[in-house]
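1. here is a sequence with its predicted model. Questions after.
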Amino acid sequence: MRLPLAIGMSLIAATFATAAHAKDWKTVVIGMEGAYAPYNLTDSSSKIVGFEPDLVQDLCARIKVECKIIAQDWDGMIPGLQAGKFDVIMDGMSITDERKGQIDFSAPYANAPAGFVAAKDSPLAKLASNGKVFDLTKSPAEAGKALDELRAALKGKTVGVQVSTTHATFADAHLKDIATVKEYKTTDERDLDLKSGRIDAELDDYPILAAVLDQPDSKDYAIIGPQFAGGEFGIGVGMGLRKADADLTAKFNDALKAAFADGSVKKYSLKWFKIDTTP
Amino acid sequence: MMSLDFIWLTFLRLIAALPVTIEVWFLSILFGGFVAACVTWMRVSGILPFSLFARLFIFIFRGSPLLIQLFIIYYGLPSIPFARHSFLWPFLREPFYCAVLSLALCTAGYTSEIFRGALAAVPRGQVEAARACGMSGFLLFRRIILPIAARQALPAYSTEVISMTKATALVSLITLWDVLSVALKIRNDTLITYTPLLIAGAIYYVFNYILARVFVWLEYVVSPHLRRRVY
Amino acid sequence: MLGFGDKGWGLALIAGALMTLAVSLTGLLIGSVLGSLIAWSKLSGHKVGATIGDAYASLFRGLPELLVIYFVYFGSSALLTAVGNLVGIEGFVGVPAFAAGALGVGVISGAYQAEVYRGAYLAIAPGELEAARAVGMHRLLMFRRIIVPQVLRYAIPGLGNLWQVALKDSSLISVTGLTELMRTAQVGAGSTRQPFAFYLAGLGLYLTLTFVTDRFFEAAEKRATRGLKRMHG
C-alpha cells in the first residue's frame, strides 16, 4: 500500500507543481520573507521595506510593469513560485549551481563579503588580517594565508551558521575539521546562542552581521577577523524565477544592467547596508 | 523528472540522520516513563502538596505546545545568569540533553494521565481478593495491580510512543538535525521541494508501522485471557 | 511591550489566541466528519471500506504532523490552481490560510477520532440496537436517537484528549501564513528581539485556552453521563 501511495503523491505533486502559463507581463508579483533584515523586513505598519523592495520597484519602473510585493515564509517559497503565487523570489537567495537545476536566476544584484561576529576580546581581534577583505577566487594566495591564520585562531571553538547558506558551505569546507560548526534554522536563534555563550563566533554576510550589532544587547560584540568573498561564497544573491519565464528573466537582467550603470544599485546598497555590495 | 540517483543519495543522507531521531526518541520515552511513574504516584498518593504539584506538572506539559517548551528550556534558561553559572550548565549547554529533557517532560505529562487512567481501571474486587489472600504493599502492586494496569494502559501508551517519534521532528529548532530537518535542509540546498519530504515521510511511516506491529504483538502477549483457548 | 497600547503586542497575541481557538475547533469538526466516516467504513464490514479506513488511519498517524500540513497546504493550493486553470481562471488560486490550516489539523485529528468513535460504538449494548429495531425505528432515526447520544457519551473523554492534540497541532500551521498564536509569538519575538518574553506570553495563553476548554469538556462529560450516575446511585 505505502509504496504506490508515495509514488502517486509524488506524481500528483510533480504534475501540479510544474503547471506554468505564458502571459504578457503587466503586473509581476514578488515573494519576500519580510524577515531578513536588511535585505527585506517588515516595519511597524506591516509594510515590507529594505534593500530588495527599493531595488525591485526601481527595476519594475524600468521595464514598465507594476510590481506587487507579498510576504511568504521561506518554507513555502519554492512551491509558491512553482504554483504561480508569485513570479519572482527576492530573499537574499545565493545563486548556486545546485539551485539552478530547479529555477532560473537573474544576474547577481548584491555580493557582500562574509565575516565573523564575536566577543570584542575574542582572539580573532588580534589577527593581522583583522578587518581586511580577501577574495578567494581572485587572490587565492593571500586569502589562503588569512584562512590559515583564521583556522589557527578558531581551533577548538564553536562557529554558528545559518543552514543552507553559502556560509554553511564555506564552514563545511574550511572550518569543520578544526572547529565545531553548528547550523541554525534562523539567524535569530543563532544570535541567542552567541549571547548565551554556546557558540564563540557567527559567520554570515556583512549586512546581516551589521544588523546583529544593531540589537540593543550587542555592545560586547563586534565584526572582527578577516572577511572573505568569492570561492564558496559564489557570485552573490539574485532573483529567482521560473524556468518557463526566460523572457521575464531577460527583462530584469537588462534593467539590472542599466541600474548598475547609473549607480542606482550602489545607492540602495549604501542606504541599507552602509557598504557598497554591487557585485 | 527526478533522477534515481538523487532519490538514492537523499535516502542515504536521511537514513544517516535516523540515529539522532531514534536516540532522542528512545531516551525521552525512557526518562519520560520514569518521570510519569513518579508523577502518577504523587497524583494518587493522597498527600496534598504532592498531588497539587502533579496536577500542575500535567497541566503545564500537556497544555502547551512542545515547540514553546523546547524554546524556553534551550534558549530561555541561559538568559537567567544563575542557570549559566550553575553546575547544570555543562548539561544545559548541549542541545542533545535539552532535547531529551524537554521531550521527556512533555511525554511524561501525557503518560502520567494514561497511567492514572489505567490504575483507576483496576477492579476493586481484584485488590480486595489479593488482600484477603494476605498480599500487601509491593507484592500486591507487583503481582496484581501492575499487570492489570499495564494491560489497560497499553493501547493509549502505544499511541503516545508513536507520536513521540514524530515529536522529535521539532528538535531542529535547537540545532539537532533529525530526519525531517535534514530533508528540509536538502530541499533548501537543491530547491527540490517534494522528493526529500516524501522520502522522509516514508522513513517515518515504515518506522512507525514496525512500532505499531510490535505493540500489537505486546498486547497479544499480555492478554492471554482474551485468546481463544486451544485444548 | 506586551501591553495593549499603540506599540503593544497584547491585542495581537489575544487575537492570535482566538485564531488558534477558531482554527483548532474547525479542525476538530472536520476531523469528526472524517473520523466518523472512517469508523463507519471500518465497522461496515466491507472489505474495501475497511482497507481504505485502515490505510488512512495508519498513514496519518505514522507521518509527522508538520509533513501532513505541508502537503495539505501546498497540495490543495496546487490542485485548486490546476482546476482553476482548466475552467479558465488565470494564474494562482490560493486556498485561504485558515481553510488550509483547519484542513491540516482536521485530516490528522480524523485519523485518531476514528478509533475513538469505533471504540465508543462497540461499547453500545447490542440489546439497545435490537430494541430500537424492534420498536420499528428506521435507520436514520435510530442513528440520531440511539447511536449518536451514546457514542458521544463514551467518546467525550477521548475527544477531550484529541482537542488538546488539535490545539497543539495548530501551532504547526504557521507555514500557511495564518497568524495564529504561535506565529504571532514568533513574529513578535523576531521583530522586538525579545523572544523569551513572547514565548512565555504564548505559553500563558496556550495554558489559558487549555484551562478554559478543559472545564468545558468536564462539564460536557458530567452532563453526558448523568443517566449513568442515576443508574449506579
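-> That came through, no problem.
2. could you use CA atoms for every contact and neighbour count after this?
-> OK.
3. where does chain B come near chain C, residue by residue?
-> Of all the residues in chain B, those in contact range of chain C (C-alpha under 8 Å from any C-alpha of the partner chain) are B:59-60, B:62-65, B:68, B:71-72, B:75-76, B:162-163, B:166-167, B:169, B:197, B:201-202, B:204-206, B:208-209.
4. neighbours of residue 211, just the number please.
-> No chain in the question, so chain A it is. Here the neighbour count serves as a burial measure; for A:Ala211 (other C-alpha atoms under 10 Å in any protein chain shown) it reads 14.
5. ah, I was thinking of chain C
-> C:Phe211: 14 surrounding residues under other C-alpha under 10 Å.
6. host element of it?
-> Element membership of C:Phe211 [criterion: DSSP states H and E] is helix C:195-224.
7. right, is that helix up against chain B?
-> Yes - with C-alpha under 8 Å from any C-alpha as the threshold, helix C:195-224 lies in contact with chain B, specifically through C:196, C:199-200, C:202-203, C:206-207, C:210-211.
8. can you tell me which of those residues are buried?
-> When the residues of helix C:195-224 next to chain B are checked for burial by 16 or more other C-alpha atoms under 10 Å in any protein chain shown, the buried set is C:196, C:199-200, C:202-203, C:206-207, C:210.
9. tell me which parts of chain C are close to chain B?
-> When proximity is defined by C-alpha under 8 Å from any C-alpha, chain C lies next to chain B at C:58-59, C:61-65, C:67, C:164, C:168-169, C:171, C:196, C:199-200, C:202-203, C:206-207, C:210-211.
10. same deal with chain A?
-> Looking at chain B, the residues of chain A close enough under C-alpha under 8 Å from any C-alpha are A:2, A:6, A:10, A:13, A:78-79, A:98-99, A:101-103, A:163-165, A:182-185, A:189, A:192-193, A:196, A:198.
11. let's see that with 6 Å instead.
-> A:98-99, A:164, A:183-184, A:196 (C-alpha under 6 Å from any C-alpha of the partner chain).
12. of the residues you listed, closest to A:Leu256?
-> A:Arg99 (21.0 Å; C-alpha to C-alpha).
13. what strand or helix carries the closest one?
-> A:Arg99 is located in helix A:97-100, with elements delineated by DSSP H and E.
14. averaged pLDDT, whatever helix or strand comes next after that helix. What do you get?
-> Later in the chain than helix A:97-100, the nearest helix or strand by DSSP H and E is strand A:104-105. Averaged across strand A:104-105, the pLDDT comes to 96.
15. what helices and strands are in contact with strand A:104-105?
-> On a contact count with 3 or more C-alpha pairs under 6 Å, 6 or more residues apart in numbering or on different chains; DSSP states H and E, strand A:104-105 meets strand A:240-241.
16. parallel or antiparallel, list what pairs with the strand it packs on.
-> Strand A:240-241 has the following strand partners under DSSP bridges: strand A:88-89 (antiparallel), strand A:104-105 (antiparallel).
17. for the host helix or strand of B:Ser112, buried residues please.
-> Assigned by DSSP H and E, B:Ser112 belongs to helix B:95-120. Of the residues in helix B:95-120, those buried under the neighbour-count criterion (16+ other C-alpha under 10 Å) are B:95-119.
18. ditto for stretch A:127-144
-> For stretch A:127-144, a neighbour-count test (16+ other C-alpha under 10 Å) marks A:129-131, A:133-136, A:143 as buried.
19. hmm, back to that, quick one: mean pLDDT for the helix holding B:Ser112?
-> Taken as a whole, helix B:95-120 has a mean pLDDT of 93.
20. related to what we said a few turns ago, biggest separation within the buried ones among the residues of helix C:195-224 next to chain B, which pair?
-> Counting by C-alpha to C-alpha, the most remote pair of those is C:Phe196 and C:Thr210, 21.0 Å apart.
21. check which helix or strand covers the closest residue to C:Leu205 other than its chain neighbours.
-> Setting aside the residues directly before and after it, C:Leu205 is nearest to C:Ala17 in space (C-alpha to C-alpha, 6 or more residues apart in numbering or on different chains), at 6.7 Å. The secondary structure element spanning C:Ala17 is helix C:10-43 (assigned by DSSP H and E).
22. equivalent analysis for C:Ser109, please.
-> Short version, using DSSP H and E: C:Ser109 is in helix C:97-122.
23. cool, and B:Phe26?
-> Under the assignment given by DSSP H and E, the secondary-structure element containing B:Phe26 is helix B:4-44.
24. which helices and strands sit right next to that helix?
-> When contacts are defined as 3+ C-alpha pairs under 6 Å, 6+ apart, helix B:4-44 sits against helix B:48-63, helix B:95-120, helix B:179-190.
25. tell me if the second one is near chain A.
-> Spelled out, it's helix B:95-120. No - counting by C-alpha under 6 Å from any C-alpha, no contacts exist between helix B:95-120 and chain A, the nearest distance being 9.6 Å.
26. report all helices and strands that that helix contacts.
-> Using 3+ C-alpha pairs under 6 Å, 6+ apart as the contact criterion, the secondary-structure elements in contact with helix B:95-120 are helix B:4-44, helix B:48-63, helix B:146-167.
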